[in-house]
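Colleague: Here is a sequence with its predicted model. Questions after.
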Amino acid sequence: MGASVNRSPKTYRVKSFGCQMNVYDGERMAELLDAQGLTPVDGEDADLVVLNTCHIREKAAEKVYSDIGRLRRDDGSRPLVAVAGCVAQAEGAEIHRRTKDVDIVVGPQAYHRLPELVADAAQGKQVADTDMPADSKFGALPKRARQVRPSAFLTVQEGCDKFCTYCVVPYTRGAEVSRPWSAIVDEAKALVDSGAREITLLGQNVNAWSDGARGLHDLIGELAKMPALARIRYTTSHPNDMADGLIAAHRDIEKLMPSLHLPVQSGSDRILKAMNRSHTSDSYLRILDKVRAARPDIAISGDYIVGFPGETDSDFEATLEIVRRIGHSMAFSFKYSPRPGTPAATMPDQIAPEVMDERLQRLQALIVEQQLAFNQRTVGTRTSVLLERPGRHPGQLIGKSPWLQSIVVDEGAVGDLLDVDIVAAGPNSLTGMIQTKKAA
């Protein structure tokens with residue numbers, strides 16, 4: 001039995017993979033479907049399933065096809081299936097050629113058209129839209145109306161002009177585009193009105209946001225004026241766009257949290273040049289010196305790629321050295337994997353998998369050591385926690401410290417901003433004891 005056609009779906013499920021921007025996109029697609037009268041469901045019986053995909057991980061496209069196959073039910077039927085996001089953009093019509101089990105293919109710049117694509121698919125058509133129109137999709141999205149979590153995402157910038165040689169983002173998300181100031185402020189107000197106490201501003205290069213006269217620091221300053229908004233964060237930043245005004249904002253704006261995700265990717269200048277990163281290890285460290293001068297307690301997180309084509313033992317040792325010099329609160333590290341269509345995929349001197357494995361293990365051991373040390377320094381101190389969700393065990397709640405550490409407590413309610421005494425620390429989380437007085 002094939003797809004359910006010639007009828008409109010009544011229920012839906014959006015499953016998002018990958019980065020926070022995909023989480024945001026998934027929320028907006030859900031709002032589009034809500035506006036059409038569809039009901040969200042968590043189980044496997046949804047009439048429509050949207051797979052909001054990420055192309056960063058290795059073999060991302062193959063994993064999507066595997067997920068599509070699992071959507072078939074025991075009786076041979078399946079829901080309407082939409083593949084959205086970066087894999088949809090990269091694969092395009094090839095998805096329809098490879099499988100008849102996908103009804104809709106929609107790229108990240110076209111998902112505002114999802115309702116009409118669903119209507120066409122409900123009539124038995126296979127439809128696709130991977131255009132990157134000049135007009136922003138955001139103007140076609142509904143106003144934020146859902147009750148939101150205490151910590152909410154807000155995309156302010158999309159796309160990338162940097163063209164790192166390993167990265168598909170310029171091809172799947174397009175050129176750098178900044179959303180208008182007023183649209184961002186209006187959406188932030190709607191999020192706060194719907195329950196958000198913390199907003200994380202998102203972008204592929206979020207610190208490249210500009211409206212010509214103003215930069216990200218000005219936008220953060222405007223949002224900080226909202227009385228009910230307690231915390232502001234932003235991610236992910238590029239070293240080239242770490243402007244002095246944004247660094248000063250970490251000193252001057254109390255609501256801007258003391259954490260910065262600033263990927264360096266490698267400690268080797270030779271590899272950075274091959275990656276087209278346009279910064280050096282020294283220029284990166286000088287940026288961090290300025291950031292720490294402005295906000296001495298700031299937590300620095302980052303990204304690293306090991307095994308980039310041509311990486312020698314000495315190149316990798318340079319990466320270990322820059323990690324030692326930075327001292328991370330946390331960091332993400334990955335083995336290089338080629339992305340079709342990127343320059344690095346055809347570079348000579350691809351690194352053997354076993355060499356990448358060994359290097360990654362050494363790097364991750366150093367990162368975990370730094371994470372544990374950073375967390376242990378907070379034991380015995382008092383800090384604030386914004387409780388975001390229930391924990392794994394009954395009565396547990398999990399929230400975030402100002403430095404983005406996960407804190408586990410056994411009192412309070414989701415949405416509370418409380419003072420806690422840190423009593424224990426591991427590499428990935430802290431344990432806190434709640435104080436009776438709520439944080440301001």
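Modeller: Happy to help now that I have it. Numbering: from 1, shown residues only.
Colleague: What segments of the stretch 1-150 of the chain are strands?
Modeller: Secondary structure of the stretch 1-150 of the chain by DSSP state E, counting those that start in this stretch: the strands cover 11-16, 39-40, 48-53, 80-85, 104-106, 127-129.
Colleague: wait, which of those strands is closest to Arg377?
Modeller: Relative to Arg377, the nearest member of these by Cβ to Cβ is strand 11-16, separated by 33.9 Å. No exception for glycine: its C-beta is placed from N, CA and C like everyone else's.
Colleague: Quick one: mean pLDDT over that closest one.
Modeller: Averaged over strand 11-16, pLDDT sits at 93.
Colleague: Tell me what angle it forms with strand 48-53.
Modeller: Using axes from the mean of the first three to the mean of the last three Cα atoms, to 10 degrees, the inter-axis angle of strand 11-16 relative to strand 48-53 is 10 degrees.
Colleague: a markdown table for the strands of the stretch 1-150 of the chain, including distance to Leu191?
Modeller: Converted to a markdown table, those look like this (distance: least, Cβ to Cβ, whole Å):
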| stretch | distance to Leu191 |
| --- | --- |
| strand 11-16 | 18 |
| strand 39-40 | 19 |
| strand 48-53 | 20 |
| strand 80-85 | 22 |
| strand 104-106 | 24 |
| strand 127-129 | 27 |
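Colleague: To Glu94, which of those lies closest?
Modeller: When these are ranked by proximity to Glu94 (Cβ to Cβ), strand 104-106 comes first, at 9.0 Å.
Colleague: Check which helices and strands the helix or strand containing Val423 sits against.
Modeller: Assigned by DSSP states H and E, Val423 belongs to strand 417-425. Contact partners of strand 417-425 among helices and strands, from 3 or more Cβ pairs under 8 Å, 6 or more residues apart in numbering; DSSP states H and E: helix 353-376, strand 382-390, strand 406-409, strand 430-438.
Colleague: helices and strands around the longest one, which ones?
Modeller: Taking 3+ Cβ pairs under 8 Å, 6+ apart as contact, the helices and strands that helix 353-376 lies on are strand 299-306, helix 313-326, strand 330-335, strand 417-425.
Colleague: Buried deepest among those, which one?
Modeller: Comparing the helices and strands packed on helix 353-376 by mean neighbour count (mean count of other Cβ atoms under 10 Å), strand 299-306 ranks first with a mean of 22.
Colleague: Please give the centre-to-centre distance between that strand and its chain.
Modeller: 14 Å (Cα atoms, centre = their mean, to the nearest Å).
Colleague: Now the terminal residues of stretch 204-223, how far apart.
Modeller: Stretch 204-223 has an end-to-end distance of 20 Å (Cα to Cα, to the nearest Å).
Colleague: wait, isn't Ile287 in contact with Val264?
Modeller: No: using Cβ atoms under 8 Å, Ile287 is not in contact with Val264, being 9.6 Å away.
Colleague: Show me the common contact partners of these two, please.
Modeller: Common contacts of Ile287 and Val264 (Cβ atoms under 8 Å, 6 or more residues apart in numbering): Pro239.
Colleague: what about the two, which has more around it?
Modeller: Legend: neighbour count by other Cβ atoms under 10 Å for Ile287 and Val264, higher for Val264 (24 against 19).
Colleague: Any figure for the gap between the more buried one and Asp421?
Modeller: Distance of Val264 to Asp421, given as Cβ to Cβ, to the nearest Å: 34 Å.
Colleague: Among the helices and strands packed on helix 353-376, which comes closest to Tyr166?
Modeller: strand 299-306 (6.7 Å).
Colleague: can you tell me the average pLDDT over that closest one?
Modeller: Per-residue scores along strand 299-306 average to 98.
Colleague: Please apply the same query to stretch 392-403.
Modeller: Mean predicted confidence for stretch 392-403 is 94.
Colleague: so which of the strands of the stretch 1-150 of the chain gets nearest Asn375?
Modeller: Closest to Asn375 of those, according to Cβ to Cβ: strand 11-16, at 28.1 Å.
Colleague: How far off centre is that closest one?
Modeller: 18 Å.
Colleague: now swap in stretch 350-361 and tell me
Modeller: 26 Å.
Colleague: try stretch 272-288
Modeller: For stretch 272-288, the distance to the chain centre is 22 Å (Cα atoms, centre = their mean).
Colleague: and it, what's its mean pLDDT?
Modeller: Rounded mean pLDDT across stretch 272-288 is 98.
Colleague: what comes up buried for it?
Modeller: For stretch 272-288, burial by neighbour count (16 or more other Cβ atoms under 10 Å) applies to Leu272, Ala274, Met275, Arg277, His279, Thr280, Ser281, Tyr284, Ile287, Leu288.
Colleague: again with stretch 179-196
Modeller: For stretch 179-196, by 16+ other Cβ under 10 Å, it's Arg179, Trp181, Ile184, Glu187, Ala188, Lys189, Ala190, Leu191, Val192, Ala196.
Colleague: Helices of the chain, start to end?
Modeller: Remark: helices assigned in the chain by DSSP state H are 20-35, 60-70, 86-91, 94-98, 114-121, 169-172, 181-193, 216-223, 244-252, 269-274, 281-294, 313-326, 353-376.
Colleague: out of those helices, deepest packed?
Modeller: Highest mean neighbour count among these (mean count of other Cβ under 10 Å): helix 86-91, a mean of 26.
Colleague: Which other helices and strands does that one contact?
Modeller: Using 3+ Cβ pairs under 8 Å, 6+ apart, helix 86-91 is in contact with strand 48-53, helix 60-70, strand 104-106, helix 169-172.
Colleague: is it possible to export those to a markdown table including distance to Val385?
Modeller: Formatted as a markdown table, the helices and strands packed on helix 86-91 follow (distance: least, Cβ to Cβ, whole Å):
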| stretch | distance to Val385 |
| --- | --- |
| strand 48-53 | 29 |
| helix 60-70 | 34 |
| strand 104-106 | 38 |
| helix 169-172 | 33 |
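Colleague: Using TSV, lay out the ones you listed together with distance to His96 and mean pLDDT.
Modeller: Compiled in TSV, the helices and strands packed on helix 86-91 are given as follows (distance: least, Cβ to Cβ, whole Å; pLDDT from 0 to 100):
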stretch	distance to His96	mean pLDDT
strand 48-53	14	92
helix 60-70	12	81
strand 104-106	6	93
helix 169-172	18	87
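Colleague: and Ile247, which of these is closest to it?
Modeller: Nearest to Ile247 among the helices and strands packed on helix 86-91 is helix 169-172; the distance by Cβ to Cβ comes to 24.5 Å.
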